[in-house]
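In: Could you work out the structure for the sequence below:
(one chain, ligands or ions: 1)
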Amino acid sequence: MSLTTVTIDTEHPIGTINPRVYGHFAEHLGRCCYDGLRPDAAWPNVPTQMGFRTDVLEALRALPVTMLRWPGGCYADHYHWRDGIGAPEQRTRTLGMSCGLQVEDDNALGTHEFMWLCNYLGAEPYLAGNVGSSTPQELCDWMEYCNTPLNTTLGAQRRANGAATPFGVKLWGVGNENWGCGGEFDAVSYAHEYRRFASNLRHVDATAELILCGHTDEWNAKVLGAMGPQMHLVDHLSIHRYWIEGGPETAFAEGAYYHLLDEAEATEAFIQRTTAIIDDATGGKRRIGIALDEWGVWHPEARPWGPDANPRMPITYEQANTLRDALAAAVALEGFHRQCNVLALANLAQIVNVLQAPVMTEQAQMWLTPTYHVLRMHTVHIGAQALPVVVDGAASLPAGGSGVSATASAQGNGVAVTVINRHLSASAEVAIAGIAGGVGATGTLLTAGNLADGNSAAAPDAVAPAALAVHADGGNWRFQMPAHSVATIVIGRT
Ligand code: AHR
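Out: Now for the predicted structure:
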């Protein structure tokens, strides 16, 4: 086995990995919010706090969840925030709609409960507003209700509902996927609508960060072009990226495994193209952050559209979560770190039960997915300085390209390196080089016998991280990685 060398450049940091890049997304869709975050009151043995299940709260708090986007998704463009405040038993029972599903929504999860959740998790709240079926006034009222320190009627109503201090919500999405479920706008019509919403929102809270709905390269160029002199109203441009070409969730072929990793990797190219479009539209004069506010794998079993669509009926938007999915997430995170100067925030879709969820539940049972574990292994990179990395000597993948890839960051006295051995069948002997003054290293490894292995209520720890032995070798740090695995090494420095 040849030696793979991962050389870290500690002298030329790329930039700071914004904690917002490790955000999550909770939508009133399927069993994400109801069941997943908030159990049915009739279930025995599910302890709760403020109506949220304690086991899920603790798992998410440990992850951590740096930021949380709510209430949608497509649900956001039907949502009327007043339905979700006041005494729970008096709340309106609305038709909850997202992605073709219709449910009765008792609005038990409303603004105050969401803010409690964010506070408990240590997550920054991100509210997605309703453009599709609402008015600038309704969204301005929600912002005033959340953020005003004044004794206006809305401020007083918030206080009467238990929040003496303003919630101080900074991130506001002005609609969601308004090219589709959020109103079927064309880019120019939506841009004009955005201007009306955003100019009014700015009056309510000039410190809020407003997020413009993006889509394809073509839409992004048009929507930004139509902002004209009102570009100052845009703080972030939202893009979504779901990987849909990896074939079945578990019965996938070798080629589909590599294809999913390629698709995950291509998320970085989408970010780079979006950066170029923003630069072009602003003449480099105004800095607009990229808000990748939905990302992850979306398998054919969990969607009625797209390649190989084969939904389990009735559709729930739930899917298997395997080691393959976790490796794909790690591949994407490498790109997020490299693009940390332009990527302002990112939310994995979705936080519980739906799509690439880190946490799954089944009545009183809860388990962590391989995606949870891989995110947890990246915690050391949150808020750190991303560092350039060069990988040499790895086995080639069948279609070419390095079988090993890596990302690194520095924080305090430590350097953290996450290495992926993408090769399906070849193990790797890895040396980390370039870190002067290293005094000790610890390692964690995530792998499984099969790429399609995952966890379940019956076998919650089938795929779980384990300690990895790391040996000092001169100025380098050496360890072995099995095929299809990911490792995080934390090196202390003097
Ligand atoms: O995450 C599921 C759906 O995907 C969201 O509601 C929508 O924004 C996207 O199309």
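In: Checking residue 212 next. Helix, strand or coil?
Out: Recorded secondary structure, residue 212: strand (DSSP: H, G, I helix; E, B strand; the rest coil).
In: so it makes contact with residue 234?
Out: Yes - if you go by C-beta atoms under 8 Å, residue 212 and residue 234 touch, sitting 4.7 Å apart. Every residue, glycine included, has its C-beta placed from N, CA and C.
In: Next, show the common contact partners of the two.
Out: Residues touching both residue 212 and residue 234 comprise 194, 198, 224, 227, 288, with contact defined as C-beta atoms under 8 Å, 6 or more residues apart in numbering.
In: Looking at those, which is nearest the ligand?
Out: Distances from the ligand to those, taken as C-beta to the nearest ligand atom, are shortest for residue 194 (16.7 Å).
In: residues near the closest residue to the ligand within the stretch 101-250 of the chain, how many?
Out: Taking C-beta to the nearest ligand atom, the ligand has its nearest neighbour within the stretch 101-250 of the chain at residue 177, 4.6 Å off. By other C-beta atoms under 10 Å, 23 other residues sit near residue 177.
In: what stretches of this protein score poorly on pLDDT?
Out: Applying pLDDT under 70 to the chain flags no residue at all.
In: After the longest helix along it, which helix or strand is next?
Out: Counting residues, the longest helix in the chain under DSSP state H turns out to be helix 254-282. Heading C-terminal from helix 254-282, the first helix or strand you meet, by DSSP states H and E, is strand 289-297.
In: Residue 485 and the ligand, how far apart?
Out: Using C-beta to the nearest ligand atom, to the nearest Å, one obtains 29 Å as the distance from residue 485 to the ligand.
In: Kindly state the beta-bridge partners for that residue.
Out: Beta-bridge partners of residue 485, counted by DSSP bridges, are residue 421.
In: For residue 352, see how far away it is.
Out: 26 Å (C-beta to C-beta, to the nearest Å).
In: same thing with residue 70?
Out: Applying C-beta to C-beta, one obtains 12 Å for the distance of residue 70 from residue 352.
In: mind listing what the residue of the stretch 101-250 of the chain closest to the ligand touches?
Out: So residue 177 contacts 74, 77, 213, 215, 240 (C-beta under 8 Å, 6+ apart).
In: Pull up the gap between the closest residue to residue 240 other than its chain neighbours and residue 24, please.
Out: Beyond its immediate neighbours in the sequence, the residue positioned closest to residue 240 (C-beta to C-beta, 6 or more residues apart in numbering) is residue 294, lying 4.1 Å away. From residue 294 across to residue 24, the span is 10 Å (C-beta to C-beta).
In: list residues touching both of those two?
Out: Residues within reach of residue 294 and of residue 24 at once, by C-beta under 8 Å, 6+ apart, are residue 347.
In: Quick check: residues of the chain near the ligand?
Out: 27, 29, 72-74, 98-99, 176-177, 294, 349-350, 355 (C-beta under 6 Å from any ligand atom).
In: let's see it at 8 Å
Out: 25, 27, 29, 72-76, 98-99, 176-177, 180-182, 240, 242, 294, 298, 317, 349-350, 354-355 (C-beta under 8 Å from any ligand atom).
In: From those, which land in strands?
Out: 25, 98, 240, 242, 294, 349 (DSSP state E).
In: residue contacts, the last one?
Out: When you say that, I think you mean residue 349. Contacts of residue 349 (C-beta under 8 Å, 6+ apart): 25, 240, 242, 294-296, 298, 355-356.
In: wait, which of those residues is closest to residue 82?
Out: Taking C-beta to C-beta as the measure, residue 82 lies nearest residue 25 of the contacts of residue 349, at 22.9 Å.
In: Compute the distance between the closest one and residue 358, please.
Out: As judged by C-beta to C-beta, residue 25 and residue 358 stand 11 Å apart.
In: just residue 432 next, same as before
Out: Computed as C-beta to C-beta, the residue 432 to residue 358 distance reads 27 Å.
In: Centre of the chain to stretch 443-450, how far?
Out: Average the C-alpha atoms of stretch 443-450, do the same for its chain, and the two points are 22 Å apart (C-alpha atoms, centre = their mean, to the nearest Å).
In: Now residue 309. Its backbone dihedrals?
Out: Backbone torsions of residue 309, given as degrees, to the nearest 10, read phi -50, psi 130.
In: What residue in this structure comes nearest to the ligand?
Out: The nearest approach of the chain to the ligand comes at residue 73, 2.8 Å away (C-beta to the nearest ligand atom).
In: who's in contact with the closest residue in space to that residue that isn't next to it in sequence?
Out: Residue nearest to residue 73 in three dimensions, not counting chain neighbours: residue 27, with 3.7 Å by C-beta to C-beta, 6+ apart. Under the criterion of C-beta under 8 Å, 6+ apart, the contact partners of residue 27 comprise 33, 70-76, 98, 350, 354.
In: any idea how far residue 27 lies from residue 333?
Out: The spacing between residue 27 and residue 333, counted by C-beta to C-beta, is 22 Å.
In: what's the answer for residue 279, then?
Out: Taking C-beta to C-beta, one finds residue 279 at 24 Å from residue 333.
In: more crowded one of the two?
Out: residue 333 (27 against 15).
In: hang on, the more buried one packs against residue 378?
Out: Yes - Residue 333 lies in contact with residue 378 (C-beta under 8 Å); the separation is 5.8 Å.
In: right, and the pair among the ones in strands among the residues of the chain next to the ligand with maximum separation?
Out: 98 and 242 (14.9 Å).
In: Which one's more surrounded, the two?
Out: Per other C-beta under 10 Å, whichever of residue 98 and residue 242 has more neighbours is residue 98, with 26 against 18.
In: surely the more buried one meets residue 28?
Out: Yes - shown here, residue 98 and residue 28 form a contact pair, counting by C-beta under 8 Å, at 6.5 Å.
In: shared neighbours, those two?
Out: Shared contacts of residue 98 and residue 28, defined by C-beta under 8 Å, 6+ apart, comprise 72-73, 75.
In: Let me see the ranges of the strands in the stretch 1-150 of the chain.
Out: Per DSSP state E, counting those that start in this stretch, the stretch 1-150 of the chain carries strands over the ranges 3-8, 15-16, 23-25, 48-49, 52-53, 67-70, 94-98, 101-105, 124-128.
In: what's the fifth one in contact with?
Out: Around strand 52-53, the neighbours that count as contacts under C-beta under 8 Å, 6+ apart are 36-39, 46-47, 113, 116-117, 120, 361, 366.
In: repeat for the last one
Out: In this structure, residues lying in contact with strand 124-128 by C-beta under 8 Å, 6+ apart are 19-20, 23, 66-73, 76, 114-115, 118, 142, 146, 167, 169-173, 175-176, 293, 345, 347.
In: Just the buried residues of those residues.
Out: Among the contacts of strand 124-128, those that count as buried by neighbour count (16 or more other C-beta atoms under 10 Å) are 19-20, 23, 66-73, 76, 114-115, 118, 142, 146, 167, 169-173, 175-176, 293, 345, 347.
In: So which of those residues are in helices?
Out: Assigned to helices by DSSP H, the following of the buried ones among the contacts of strand 124-128 qualify: 114-115, 118, 142, 146.
In: Dump those residues into TSV; add distance to residue 439 as well.
Out: Supplementary listing: those in TSV, determined by distance: C-beta to C-beta, whole Å:
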residue	distance to residue 439
114	43
115	42
118	37
142	51
146	47
